[in-house]
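Novice: predicted coordinates and the sequence they were generated for:
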Amino acid sequence: MTEVMNTEILDAYEPGAIEKAAAILKSGGVVAFPTETVYGLGALATDGKAVAKIFEAKERPADNPLIVHIAGFDMLQELIDGPVPLEANLLAEEYWPGPLSMIFKKSGKIPKEVCAGLDTVAIRMPSNPAALMLIKQAGPIAAPSANRSGKPSPTTAKHVFDDMNERIPLILDGGSCRVGVESTVLDLTCTPPRVLRPGGVTAEQIAATIGDVEVDGSVLSPLKEGEVARSPGMKYRHYAPKASVTIVQGARKRVAAEICKQYDEAKQQGKKPAILASTANRALYGDRTVRMLGNGAAEQSRELFAALREMDDIEADVVFAEALDTKEMGLAYMNRLGRAAAFQVIDADKREERRK
Ligand code: TXA
Ligand code: MG
């Protein structure tokens, strides 16, 4: 049973807030803290018992490993086995602190709870100043996203509170997260390095820095029956609101026409439909219920998780979402949206063809 406790929310930049969070961590507790990607639920990375509390609070399956957060390059060596790979040096120089997690062979300092029994560990240096101060005071922090398992990752302290109230003692409030989707996860233990989860540092940027890089097939499609996930997190249903989500791809006006048609049909069937669309396309949907996400993959990624949570708040039954191109940040957007939709995609252009 999870212990019931009062959950306090403190402004991360209020004097004493980070000290308080660091003290909880050092005494074996867990706290939620802001990063530039999403909020994390942290415990000291070297304290296996504390890390186990994260899994309990999130109801996270024990076979899904966590990311270890560091505040300086000097913290890296003792957490990994062997020398820092050349690619890691190049990427860290360019993208740390920032939304990039790299997977290394782990050292003996990492307890089994952190990496779910694997012999590797994912490490990143976040850029959020409150996160960096907290890590400097407490030491390396193991942290998954601070949502309940299966829910969209939290991008505000309120989202964390909605999921974690009475489960953790403290949430540091650092405002809305700038990137809004979780970090890119890059496996450096294989050749060529492989993107297991796309995020704020794009595959194109990684390729420009280190040359050859692969994107794992699970990023844009469901795992096949019996297939082993390279990143254990990829096999779980994720980011999903209660509504059934359908992605519609194709030429802009055809997408809007198809969504309007499906929306109206759903409404006639007595369902409550809603639409996720770019702000620029708002007018194409008339007076239908639309959650605008801004324009472009970076802005739409930042808004996506909050929008998915809102779909639950308004009790939508069916959600239709516009697809984006899978280049650059569009890959992270389509990966998260794809998993929220269990990869249900309608091609509006093909439907149009068939109707002719
Ligand atoms: O931006 C982020 O990465 C956020 C913030 C808090 O830093 N954290 C985050 O953690 O998203 P989490 O636990 O929600 O996602 C970690 C992902 C999972 O898909 C997990 O399976 C994968 O990284 N992962 C972690 N360690 C791994 C390892 N050793 N090998 C393969 N995949 C790993
Ligand atoms: Mg997560």
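Specialist: Looks like it came in fine. Ligands and ions are numbered 1, 2, ... in the order given.

Novice: which stretches in the stretch 101-250 of the chain count as strands?
Specialist: 120-124, 141-143, 170-173, 184-187, 194-197, 214-215, 244-249 (DSSP state E, counting those that start in this stretch).

Novice: deepest in the core, which of the ones you listed is it.
Specialist: Among those, the stretch with the highest mean neighbour count (mean count of other C-beta atoms under 10 Å) is strand 141-143, at a mean of 30. For glycine as for every other residue, the C-beta is placed from the backbone atoms N, C-alpha and C.

Novice: hmm, it touching ligand 1?
Specialist: Yes. For a cut-off given as C-beta under 6 Å from any ligand atom, strand 141-143 has contacts with ligand 1, namely A143.

Novice: re earlier: now render the strands of the stretch 101-250 of the chain as TSV, adding mean pLDDT and distance to G286.
Specialist: Output for those, formatted as TSV (pLDDT from 0 to 100; distance: least, C-beta to C-beta, whole Å):
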stretch	mean pLDDT	distance to G286
strand 120-124	98	43
strand 141-143	98	43
strand 170-173	98	38
strand 184-187	98	37
strand 194-197	98	36
strand 214-215	97	37
strand 244-249	96	16
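
Novice: would CSV of the ones you listed with distance to S231 be doable?
Specialist: What follows is the strands of the stretch 101-250 of the chain, written out as CSV (distance: least, C-beta to C-beta, whole Å):
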stretch, distance to S231
strand 120-124, 9
strand 141-143, 16
strand 170-173, 27
strand 184-187, 6
strand 194-197, 4
strand 214-215, 12
strand 244-249, 22
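
Novice: can you tell which of those strands is closest to G16?
Specialist: Distances from G16 to each of these were compared using C-beta to C-beta; the minimum, 11.4 Å, belongs to strand 170-173.

Novice: if we can go back for a sec, could I get the strands of the stretch 101-250 of the chain as TSV with distance to ligand 2?
Specialist: Formatted as TSV, the strands of the stretch 101-250 of the chain follow (distance: least, C-beta to the ion, whole Å):
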stretch	distance to ligand 2
strand 120-124	12
strand 141-143	10
strand 170-173	16
strand 184-187	11
strand 194-197	9
strand 214-215	19
strand 244-249	18
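
Novice: among those strands, which comes closest to P85?
Specialist: strand 184-187 (11.0 Å).

Novice: sheet-wise, list the partners of that closest one with their directions.
Specialist: In its sheet, strand 184-187 lies beside strand 100-105 (parallel), strand 194-197 (antiparallel), with partners assigned from DSSP bridges.

Novice: could I get those strands as TSV with distance to A323?
Specialist: Listed next are the strands paired with strand 184-187 as TSV, based on distance: least, C-beta to C-beta, whole Å:
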stretch	distance to A323
strand 100-105	25
strand 194-197	19
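
Novice: make JSON lines out of these and add distance to ligand 1.
Specialist: Written out in JSON lines, the entries for the strands paired with strand 184-187 read as follows (distance: least, C-beta to the nearest ligand atom, whole Å):
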{"stretch": "strand 100-105", "distance to ligand 1": "5"}
{"stretch": "strand 194-197", "distance to ligand 1": "6"}
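
Novice: lowest average confidence, helix or strand, in this structure?
Specialist: Taking mean pLDDT, DSSP states H and E as the measure, the chain has helix 348-355 as its least confident helix or strand, at a mean of 88.

Novice: how far away from the center of its chain is that helix?
Specialist: Relative to its parent chain, helix 348-355 has a centroid offset of 33 Å by C-alpha atoms, centre = their mean, to the nearest Å.

Novice: what parts of the stretch 251-356 of the chain come near ligand 2?
Specialist: Proximity of the stretch 251-356 of the chain to ligand 2, by C-beta under 5 Å from the ion, involves no residues.

Novice: now the strands for the stretch 251-356 of the chain?
Specialist: According to DSSP E, counting those that start in this stretch, the strands that the stretch 251-356 of the chain contains are 273-277, 290-292, 318-322, 345-347.

Novice: contacts for the second one next, please.
Specialist: Pointing back at strand 290-292 there. For strand 290-292, contacts defined as C-beta atoms under 8 Å, 6 or more residues apart in numbering pick out A274, I275, L276, A277, S278, T279, R282, A307, E310, M311.

Novice: likewise the first one?
Specialist: Identification of contacts with strand 273-277 by C-beta under 8 Å, 6+ apart yields 243, 256, 259, 262-263, 266-267, 284-285, 288-293, 304, 307, 311, 314, 316-322, 337.

Novice: ok, which of the strands paired with strand 184-187 comes nearest S183?
Specialist: strand 100-105 (4.6 Å).

Novice: can you mark which positions in the closest one are buried?
Specialist: Along strand 100-105, these residues count as buried under the neighbour rule (16 or more other C-beta atoms under 10 Å): L100, S101, M102, I103, F104.

Novice: follow-up on the earlier one: quick check on the contacts of strand 290-292: which are buried?
Specialist: In the contacts of strand 290-292, the ones that pass as buried (16+ other C-beta under 10 Å) are A274, I275, L276, A277, S278, A307, E310, M311.

Novice: which one of those residues sits closest to N6?
Specialist: Using C-beta to C-beta, the buried ones among the contacts of strand 290-292 come closest to N6 at E310, 26.7 Å.

Novice: what about G82, how many neighbours?
Specialist: When neighbours are defined as other C-beta atoms under 10 Å, G82 has 9 of them.

Novice: I should have written K267 there, sorry.
Specialist: Residues contacting K267 under the criterion other C-beta under 10 Å number 14.

Novice: distance of it from ligand 1?
Specialist: Applying C-beta to the nearest ligand atom, to the nearest Å, one obtains 35 Å for the distance of K267 from ligand 1.

Novice: skipping adjacent residues, who's closest to that residue in space?
Specialist: In space, and not counting its chain neighbours, K267 is closest to P273: 5.8 Å by C-beta to C-beta, 6 or more residues apart in numbering.
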